[in-house]
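Colleague: below: sequence and its predicted model.
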Amino acid sequence: MSQAQELATHVRSQLARVIVGQQEVLDQLLLVLLVGGHALVEGVPGLAKTLGVKVLAKIFQLKFQRVQCTPDLMPADVIGANVFNMGTSSFALHRGPIFTDLLLVDEINRTPPRTQSALLEAMEERQVTIDGTSYELTQFFTVFSTQNPVEFEGTYSLPEAQLDRFLAKIRIGYPNGEQEVQILQNIQNGFDSRELKKVAFETVPPQALLAARVEAAQVKVEPALFEYIVKLVARTRNWPSVSLGGSPRAAISLMLFAKGLAATEGRDFLIPDDVKAAALPILRHRLVLKPEADLEGVTPDQVVRDVVKGVEVPK
(Lines give C-alpha, C1' and ligand atoms only; values in the text may rest on other atoms or scores of the structure.)
Protein backbone atom coordinates (compact mmCIF):
# COMPACT_ATOMS: atom_id res chain seq x y z
CA MET A 1 0.00 0.00 0.00
CA SER A 2 1.13 3.54 -0.71
CA GLN A 3 1.58 5.96 2.19
CA ALA A 4 -1.51 7.94 1.19
CA GLN A 5 -3.60 4.77 0.81
CA GLU A 6 -2.39 3.39 4.14
CA LEU A 7 -3.08 6.71 5.83
CA ALA A 8 -6.60 6.92 4.35
CA THR A 9 -7.40 3.37 5.49
CA HIS A 10 -6.21 4.14 9.00
CA VAL A 11 -8.13 7.43 9.23
CA ARG A 12 -11.33 5.76 7.99
CA SER A 13 -11.04 3.11 10.70
CA GLN A 14 -10.55 5.74 13.42
CA LEU A 15 -13.39 7.96 12.21
CA ALA A 16 -15.70 4.94 12.13
CA ARG A 17 -15.17 4.51 15.89
CA VAL A 18 -17.28 7.60 16.61
CA ILE A 19 -19.14 8.48 13.40
CA VAL A 20 -21.65 6.10 11.86
CA GLY A 21 -21.90 6.10 8.05
CA GLN A 22 -21.18 9.28 6.05
CA GLN A 23 -18.21 7.50 4.43
CA GLU A 24 -18.14 9.61 1.27
CA VAL A 25 -18.31 12.83 3.29
CA LEU A 26 -15.50 11.75 5.63
CA ASP A 27 -13.34 10.72 2.67
CA GLN A 28 -13.85 14.17 1.13
CA LEU A 29 -12.90 15.89 4.41
CA LEU A 30 -9.68 13.86 4.45
CA LEU A 31 -8.97 14.67 0.78
CA VAL A 32 -9.31 18.41 1.46
CA LEU A 33 -6.73 18.07 4.23
CA LEU A 34 -4.52 15.88 2.06
CA VAL A 35 -4.26 18.35 -0.82
CA GLY A 36 -4.00 21.42 1.42
CA GLY A 37 -7.30 23.13 0.57
CA HIS A 38 -10.32 24.44 2.46
CA ALA A 39 -13.89 23.13 2.54
CA LEU A 40 -17.40 24.50 2.84
CA VAL A 41 -19.49 21.85 4.61
CA GLU A 42 -23.24 22.13 4.13
CA GLY A 43 -25.84 20.24 6.12
CA VAL A 44 -28.59 20.70 8.66
CA PRO A 45 -27.62 20.76 12.36
CA GLY A 46 -26.89 17.47 14.09
CA LEU A 47 -25.09 15.58 11.31
CA ALA A 48 -21.63 15.40 12.97
CA LYS A 49 -19.97 18.16 10.93
CA THR A 50 -18.08 19.54 13.92
CA LEU A 51 -17.37 16.07 15.28
CA GLY A 52 -15.77 14.93 12.02
CA VAL A 53 -13.30 17.83 12.00
CA LYS A 54 -12.53 17.43 15.71
CA VAL A 55 -11.71 13.76 15.24
CA LEU A 56 -9.47 14.50 12.24
CA ALA A 57 -7.52 16.94 14.40
CA LYS A 58 -7.11 14.32 17.13
CA ILE A 59 -6.01 11.60 14.70
CA PHE A 60 -3.30 13.84 13.19
CA GLN A 61 -2.40 15.48 16.54
CA LEU A 62 -3.19 18.92 15.12
CA LYS A 63 -4.45 22.02 16.91
CA PHE A 64 -8.17 22.64 16.62
CA GLN A 65 -10.14 25.85 17.13
CA ARG A 66 -13.79 26.66 16.57
CA VAL A 67 -15.44 29.99 15.79
CA GLN A 68 -19.20 30.34 16.22
CA CYS A 69 -20.28 32.97 13.71
CA THR A 70 -22.83 35.57 14.77
CA PRO A 71 -23.99 38.88 13.21
CA ASP A 72 -21.87 40.87 15.69
CA LEU A 73 -18.64 38.89 15.15
CA MET A 74 -15.79 41.26 14.25
CA PRO A 75 -12.60 40.53 12.24
CA ALA A 76 -10.48 41.03 15.37
CA ASP A 77 -12.49 38.26 17.07
CA VAL A 78 -11.15 35.86 14.43
CA ILE A 79 -7.62 37.02 13.59
CA GLY A 80 -6.71 38.80 16.83
CA ALA A 81 -5.45 42.31 17.62
CA ASN A 82 -2.66 44.26 19.30
CA VAL A 83 -3.66 44.95 22.90
CA PHE A 84 -2.04 47.64 25.04
CA ASN A 85 -0.36 46.24 28.16
CA MET A 86 -0.57 48.79 30.98
CA GLY A 87 2.21 47.08 32.93
CA THR A 88 4.82 47.27 30.18
CA SER A 89 3.38 50.34 28.39
CA SER A 90 3.59 48.45 25.11
CA PHE A 91 1.34 46.64 22.69
CA ALA A 92 1.25 42.84 22.66
CA LEU A 93 -0.32 40.60 20.04
CA HIS A 94 -3.43 38.79 21.20
CA ARG A 95 -3.75 35.91 18.74
CA GLY A 96 -7.22 34.99 17.58
CA PRO A 97 -8.52 31.46 16.95
CA ILE A 98 -7.24 31.63 13.35
CA PHE A 99 -3.77 30.79 14.70
CA THR A 100 -4.36 27.06 14.63
CA ASP A 101 -4.11 24.04 12.30
CA LEU A 102 -7.76 23.14 11.74
CA LEU A 103 -10.23 26.00 12.06
CA LEU A 104 -13.94 25.22 12.15
CA VAL A 105 -15.94 28.32 11.18
CA ASP A 106 -19.44 27.36 12.24
CA GLU A 107 -22.34 28.86 10.23
CA ILE A 108 -20.10 31.21 8.26
CA ASN A 109 -23.09 32.75 6.49
CA ARG A 110 -24.29 34.21 9.83
CA THR A 111 -21.40 36.66 10.04
CA PRO A 112 -21.26 39.93 8.04
CA PRO A 113 -19.15 40.34 4.87
CA ARG A 114 -16.43 42.33 6.67
CA THR A 115 -15.67 39.40 8.95
CA GLN A 116 -16.05 36.87 6.14
CA SER A 117 -13.43 38.78 4.15
CA ALA A 118 -11.01 38.57 7.09
CA LEU A 119 -10.66 34.89 6.21
CA LEU A 120 -9.73 35.54 2.57
CA GLU A 121 -6.07 36.40 3.13
CA ALA A 122 -5.62 33.52 5.55
CA MET A 123 -7.21 31.00 3.17
CA GLU A 124 -5.26 32.16 0.12
CA GLU A 125 -1.88 33.19 1.56
CA ARG A 126 -1.82 31.25 4.85
CA GLN A 127 -1.00 34.46 6.65
CA VAL A 128 -2.84 37.28 8.40
CA THR A 129 -2.02 40.97 8.60
CA ILE A 130 -2.62 42.85 11.85
CA ASP A 131 -1.81 46.58 12.01
CA GLY A 132 0.44 46.30 8.96
CA THR A 133 2.45 43.31 10.20
CA SER A 134 2.06 39.90 8.55
CA TYR A 135 2.03 36.71 10.59
CA GLU A 136 2.43 33.28 9.00
CA LEU A 137 0.00 30.48 9.76
CA THR A 138 0.99 26.83 10.01
CA GLN A 139 1.50 24.63 6.96
CA PHE A 140 -1.47 22.55 8.10
CA PHE A 141 -3.84 25.53 8.32
CA THR A 142 -7.20 24.40 6.95
CA VAL A 143 -10.59 26.10 7.16
CA PHE A 144 -13.71 23.96 7.41
CA SER A 145 -16.70 26.31 7.23
CA THR A 146 -20.21 25.05 7.84
CA GLN A 147 -23.52 26.48 6.76
CA ASN A 148 -27.16 25.50 7.20
CA PRO A 149 -28.87 25.07 3.78
CA VAL A 150 -32.44 25.61 5.02
CA GLU A 151 -32.31 28.60 7.37
CA PHE A 152 -31.71 31.95 5.68
CA GLU A 153 -33.08 34.49 8.20
CA GLY A 154 -30.25 36.70 9.48
CA THR A 155 -27.67 35.29 7.07
CA TYR A 156 -25.27 36.89 4.58
CA SER A 157 -24.58 35.15 1.26
CA LEU A 158 -20.94 34.38 0.63
CA PRO A 159 -19.57 36.37 -2.33
CA GLU A 160 -18.35 34.43 -5.38
CA ALA A 161 -14.76 35.52 -4.71
CA GLN A 162 -14.82 33.86 -1.30
CA LEU A 163 -16.67 30.76 -2.48
CA ASP A 164 -13.95 30.26 -5.09
CA ARG A 165 -11.34 30.11 -2.29
CA PHE A 166 -12.92 26.90 -1.00
CA LEU A 167 -11.43 23.86 -2.68
CA ALA A 168 -14.61 21.84 -2.19
CA LYS A 169 -18.19 22.10 -1.08
CA ILE A 170 -19.18 18.98 0.82
CA ARG A 171 -22.85 18.13 1.34
CA ILE A 172 -23.95 15.99 4.28
CA GLY A 173 -27.28 14.19 4.19
CA TYR A 174 -29.25 12.26 6.77
CA PRO A 175 -28.08 8.76 7.76
CA ASN A 176 -30.28 5.85 6.76
CA GLY A 177 -32.51 4.07 9.25
CA GLU A 178 -30.02 1.35 10.10
CA GLN A 179 -27.26 3.87 10.70
CA GLU A 180 -29.49 6.02 12.90
CA VAL A 181 -30.34 2.96 15.00
CA GLN A 182 -26.61 2.34 15.42
CA ILE A 183 -26.11 5.95 16.56
CA LEU A 184 -28.75 5.48 19.28
CA GLN A 185 -27.13 2.21 20.36
CA ASN A 186 -23.75 3.93 20.63
CA ILE A 187 -25.26 6.64 22.85
CA GLN A 188 -26.98 3.98 24.98
CA ASN A 189 -23.65 2.20 25.38
CA GLY A 190 -22.02 5.33 26.79
CA PHE A 191 -20.61 7.25 23.84
CA ASP A 192 -20.57 11.03 24.37
CA SER A 193 -19.27 13.28 21.59
CA ARG A 194 -18.34 15.87 24.26
CA GLU A 195 -15.95 13.40 25.88
CA LEU A 196 -13.67 12.55 22.96
CA LYS A 197 -10.67 12.43 25.30
CA LYS A 198 -12.06 9.12 26.58
CA VAL A 199 -11.74 7.58 23.11
CA ALA A 200 -8.30 6.02 22.61
CA PHE A 201 -7.67 6.99 18.99
CA GLU A 202 -4.64 5.49 17.23
CA THR A 203 -3.00 8.75 16.24
CA VAL A 204 -0.46 9.38 13.51
CA PRO A 205 2.23 12.10 13.51
CA PRO A 206 1.64 15.21 11.38
CA GLN A 207 4.69 14.18 9.32
CA ALA A 208 2.63 11.26 7.97
CA LEU A 209 0.21 13.78 6.49
CA LEU A 210 3.10 15.73 4.94
CA ALA A 211 4.48 12.53 3.38
CA ALA A 212 1.03 11.70 1.96
CA ARG A 213 0.78 15.24 0.54
CA VAL A 214 4.09 14.76 -1.29
CA GLU A 215 2.85 11.45 -2.67
CA ALA A 216 -0.42 13.01 -3.88
CA ALA A 217 1.48 15.86 -5.56
CA GLN A 218 3.59 13.32 -7.48
CA VAL A 219 0.60 11.54 -9.05
CA LYS A 220 1.18 11.59 -12.82
CA VAL A 221 -1.32 13.27 -15.14
CA GLU A 222 -1.35 12.43 -18.85
CA PRO A 223 -1.73 15.31 -21.35
CA ALA A 224 -5.13 13.97 -22.44
CA LEU A 225 -6.39 14.35 -18.86
CA PHE A 226 -5.21 17.96 -18.69
CA GLU A 227 -7.38 18.61 -21.74
CA TYR A 228 -10.28 16.64 -20.23
CA ILE A 229 -10.24 18.74 -17.04
CA VAL A 230 -10.07 22.00 -19.02
CA LYS A 231 -12.95 20.93 -21.27
CA LEU A 232 -15.12 20.08 -18.25
CA VAL A 233 -14.55 23.45 -16.61
CA ALA A 234 -14.85 25.40 -19.88
CA ARG A 235 -18.16 23.69 -20.61
CA THR A 236 -19.63 25.05 -17.35
CA ARG A 237 -18.97 28.59 -18.65
CA ASN A 238 -21.04 27.99 -21.79
CA TRP A 239 -23.85 25.95 -20.23
CA PRO A 240 -27.29 27.42 -21.08
CA SER A 241 -28.54 27.64 -17.50
CA VAL A 242 -25.29 29.02 -16.04
CA SER A 243 -24.39 32.73 -15.87
CA LEU A 244 -20.98 32.18 -14.23
CA GLY A 245 -18.96 29.00 -14.66
CA GLY A 246 -15.74 27.65 -13.24
CA SER A 247 -12.52 29.69 -13.34
CA PRO A 248 -8.96 28.45 -13.97
CA ARG A 249 -8.75 28.02 -10.17
CA ALA A 250 -11.61 25.53 -10.50
CA ALA A 251 -9.58 23.51 -13.03
CA ILE A 252 -6.56 23.53 -10.70
CA SER A 253 -8.73 22.45 -7.76
CA LEU A 254 -10.32 19.69 -9.85
CA MET A 255 -6.92 18.29 -10.76
CA LEU A 256 -5.52 18.48 -7.21
CA PHE A 257 -8.56 16.85 -5.62
CA ALA A 258 -8.57 14.09 -8.26
CA LYS A 259 -4.85 13.47 -7.66
CA GLY A 260 -5.50 13.16 -3.94
CA LEU A 261 -8.24 10.63 -4.66
CA ALA A 262 -5.90 8.61 -6.88
CA ALA A 263 -3.22 8.59 -4.16
CA THR A 264 -5.63 7.35 -1.47
CA GLU A 265 -6.59 4.49 -3.79
CA GLY A 266 -2.95 3.49 -4.16
CA ARG A 267 -2.33 4.77 -7.67
CA ASP A 268 0.48 7.05 -8.83
CA PHE A 269 -1.41 8.03 -11.98
CA LEU A 270 -4.70 9.81 -12.66
CA ILE A 271 -7.65 8.21 -14.46
CA PRO A 272 -10.85 9.85 -15.80
CA ASP A 273 -12.94 8.30 -13.01
CA ASP A 274 -10.93 10.31 -10.45
CA VAL A 275 -11.86 13.51 -12.25
CA LYS A 276 -15.52 12.49 -12.49
CA ALA A 277 -15.64 11.70 -8.75
CA ALA A 278 -14.09 15.09 -7.93
CA ALA A 279 -16.38 17.12 -10.22
CA LEU A 280 -19.36 17.55 -7.84
CA PRO A 281 -17.57 18.72 -4.67
CA ILE A 282 -15.20 20.93 -6.67
CA LEU A 283 -17.61 22.62 -9.09
CA ARG A 284 -21.03 22.81 -7.37
CA HIS A 285 -20.28 25.99 -5.38
CA ARG A 286 -18.54 27.76 -8.26
CA LEU A 287 -21.55 27.84 -10.59
CA VAL A 288 -23.98 30.75 -10.58
CA LEU A 289 -27.27 29.82 -12.21
CA LYS A 290 -29.37 32.17 -14.30
CA PRO A 291 -32.48 33.41 -12.43
CA GLU A 292 -34.85 31.63 -14.80
CA ALA A 293 -32.99 28.31 -14.31
CA ASP A 294 -33.16 28.76 -10.54
CA LEU A 295 -36.92 29.33 -10.76
CA GLU A 296 -37.31 26.17 -12.82
CA GLY A 297 -35.65 24.15 -10.07
CA VAL A 298 -32.33 23.52 -11.82
CA THR A 299 -29.53 22.84 -9.31
CA PRO A 300 -25.75 23.20 -9.65
CA ASP A 301 -25.37 19.48 -8.92
CA GLN A 302 -27.67 18.67 -11.83
CA VAL A 303 -25.65 20.94 -14.14
CA VAL A 304 -22.33 19.37 -13.08
CA ARG A 305 -23.67 15.86 -13.72
CA ASP A 306 -24.95 16.90 -17.17
CA VAL A 307 -21.63 18.57 -18.00
CA VAL A 308 -19.68 15.44 -17.03
CA LYS A 309 -21.98 13.28 -19.18
CA GLY A 310 -21.54 15.64 -22.15
CA VAL A 311 -17.73 15.69 -22.28
CA GLU A 312 -16.01 12.82 -24.10
CA VAL A 313 -13.76 10.75 -21.85
CA PRO A 314 -10.15 10.39 -23.12
CA LYS A 315 -9.02 6.89 -24.00
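Modeller: Yep, that arrived.
Colleague: what's near enough to touch Ala208?
Modeller: For Ala208, the contact set (C-beta atoms under 8 Å, 6 or more residues apart in numbering) comprises 3, 7, 60. Yep, even glycine has a C-beta here, placed from its N, CA and C like the rest.
Colleague: what about stretch 158-166, distance to the chain center?
Modeller: With C-alpha atoms, centre = their mean, to the nearest Å as the basis, stretch 158-166 stands 13 Å off its chain's centre.
Colleague: for that stretch, measure first residue to last.
Modeller: The first and final residues of stretch 158-166 sit 11 Å from each other (C-alpha to C-alpha, to the nearest Å).
Colleague: so for that stretch, what gets flagged as buried?
Modeller: For stretch 158-166, a neighbour-count test (16 or more other C-beta atoms under 10 Å) marks 158, 162, 164-166 as buried.
Colleague: what does stretch 84-94 give?
Modeller: Here stretch 84-94 shows no buried residue, counting by 16+ other C-beta under 10 Å.
Colleague: now do stretch 296-304
Modeller: The neighbour-count check on stretch 296-304 (16+ other C-beta under 10 Å) flags 298, 300, 303-304 as buried.
Colleague: tell me which of those residues fall in strands.
Modeller: Among the buried residues of stretch 296-304, no member falls in strands (criterion: DSSP state E).
Colleague: next, format those as a markdown table and append distance to Glu124.
Modeller: As requested, the buried residues of stretch 296-304 are exported to a markdown table (distance: C-beta to C-beta, whole Å):
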| residue | distance to Glu124 |
| --- | --- |
| Val298 | 30 |
| Pro300 | 23 |
| Val303 | 26 |
| Val304 | 24 |
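Colleague: Ala16: which of these is nearest?
Modeller: Ala16 has its nearest neighbour among these in Val304, at 28.5 Å by C-beta to C-beta.
Colleague: residue contacts, the closest one?
Modeller: Residues in contact with Val304, defined by C-beta under 8 Å, 6+ apart, are 236, 279-280, 283-284, 287.
Colleague: just to revisit the earlier point, now intersect the buried residues of stretch 158-166 with the strands, please.
Modeller: Filtering these for membership in strands, criterion DSSP E, returns an empty set.
Colleague: what sits against the residue positioned nearest the centre of the chain?
Modeller: Residue closest to the average C-alpha location in the chain (C-alpha atoms, centre = their mean): Ala39, at 1.7 Å. Applying C-beta under 8 Å, 6+ apart, we find Ala39 in contact with 28-29, 32, 142-145, 166-170.
Colleague: spatially nearest residue to it, not counting backbone neighbours?
Modeller: Distances taken as C-beta to C-beta, 6 or more residues apart in numbering put Val32 closest to Ala39, at 4.4 Å, once the chain neighbours are dropped.
Colleague: go on, Asn82?
Modeller: Nearest in space to Asn82, with sequence neighbours left out and distances taken as C-beta to C-beta, 6+ apart, is Phe91 at 4.2 Å.
Colleague: what are the pairing partners of the helix or strand containing the one you found, and which direction each?
Modeller: Under the criterion of DSSP states H and E, Phe91 resides in strand 90-95. Strand partners for strand 90-95, identified by DSSP bridges, are recorded as strand 80-85 (antiparallel).
Colleague: what residues are up against Arg95?
Modeller: For Arg95, the contacting residues are Gly80, taking C-beta under 8 Å, 6+ apart as the criterion.
Colleague: can you pull the pLDDT of it?
Modeller: Per-residue confidence at Arg95 stands at 90 (pLDDT).
Colleague: from the buried residues of stretch 296-304, pick the one nearest Val275.
Modeller: Distances from these to Val275 were compared by C-beta to C-beta; the smallest belongs to Val304, at 11.8 Å.
Colleague: could you report the pLDDT at that closest one?
Modeller: Looking at Val304, its pLDDT stands at 95.
Colleague: hmm, back to that, now, which of the contacts of Ala39 sits nearest Thr50?
Modeller: Nearest to Thr50, judged by C-beta to C-beta, of those is Phe144 at 8.8 Å.
Colleague: wait, doesn't that closest one sit right on Val41?
Modeller: Yes. Phe144 lies in contact with Val41 (C-beta atoms under 8 Å); the separation is 5.8 Å.
Colleague: all strands of the chain, in order?
Modeller: Taking DSSP E as the criterion, the chain carries its strands at 39-42, 64-68, 80-85, 90-95, 102-106, 127-130, 133-136, 142-147, 168-171, 242-244, 288-289.
Colleague: starting at the chain centroid, how far to the last one?
Modeller: In this view, strand 288-289 has its centroid 21 Å away from the chain centroid, taken as C-alpha atoms, centre = their mean.
Colleague: and if you look at the third one?
Modeller: Going by C-alpha atoms, centre = their mean, the spacing between the C-alpha centre of strand 80-85 and its chain's C-alpha centre is 31 Å.
Colleague: contact partners of stretch 293-301?
Modeller: Outside stretch 293-301, the residues that reach it (C-beta under 8 Å, 6+ apart) are 240-242, 280, 283-285, 287, 289.
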